[in-house]
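> sharing a sequence plus its predicted fold:
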Amino acid sequence: LGCVAVYTPVPPTPAPPTPAPPTPTPPTQAPPTTAPATPAPPTAAPPTPAPPTLVPAVDECGVLASVCAAAVPAQTCQDPDERVVGDAYCRCPPPVAATQVGAAVGNCDYDECSTQSVACAQVGQDCQDPDPAAPDTWECHCVPPQTGTKGHLAAAVCVYPEGDCDAFGFVCSGMGQACQDVGKQYDGAFECTCIAPA
């Protein structure tokens, strides 16, 4: 017998699927780096003033009072705080308010007629202060043609020469004015005139 070979074809083996390429991942961006803020330099505190020197209570006027009293016009000593050294001062007499620490005030002059002249003017007289450095020295003086005695801290005693002003001068004086007798006779010819300020 002869042999017969039977050939059975084998189907081809399919190739495995080709995997898809991986999707590229976008690069991650780092956040921008911010430089740290430079701190401001510390502000220097203002210097603290030195406190006054405190000592046990000492009345500095015990020494300075004699300096104040010897001044012209005489002044008074005041020590605001007996625990503080070097704060005592001399003060002028009223109405002047000037002061000087540790010494007498150099000038306490005050023309009292700046406040007292009304006492003279209201009776037709002139105010004068012969010593502005001393208190209570103002005077009232007669205004010509009046004559008389000056008044210390008061009105002067004044008289007019014979004539109309001798008889009627009070009319002018009562208004703070001066009487002028035109004819120097008793004929009614007199005038009241304003008094010029000193």
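Yep, that arrived.

> got a list of what Cys90 touches?
Taking C-beta atoms under 8 Å, 6 or more residues apart in numbering as the definition of contact, the neighbours of Cys90 are 64, 67-68, 71, 75-77, 99-100, 103-105. C-beta: built from backbone N, CA, C; applies to glycine.

> most neighbours among the residues you listed, which one?
Note: the member of these with the most neighbours is Gln75, at 25 neighbours, neighbours being other C-beta atoms under 10 Å.

> quick check: phi and psi at that residue.
Gln75 has phi and psi values of phi -120, psi 170 when expressed as degrees, to the nearest 10.

> isn't it right up against Cys92?
Yes. With contacts defined as C-beta atoms under 8 Å, Gln75 counts as touching Cys92 at a distance of 5.8 Å.

> need the overlap of contacts for these two.
Between them, Gln75 and Cys92 have 105, 108 as joint contacts when contacts are counted by C-beta under 8 Å, 6+ apart.

> follow-up on the earlier one: looking at the contacts of Cys90, which is nearest Thr43?
Thr99 (39.0 Å; C-beta to C-beta).

> touching, the closest one and Tyr89? I think so.
Yes. Counting by C-beta under 8 Å, Thr99 touches Tyr89, with 4.7 Å between them.

> give me the common contacts of those two.
Shared contacts of Thr99 and Tyr89, defined by C-beta under 8 Å, 6+ apart, are found at Gln78.
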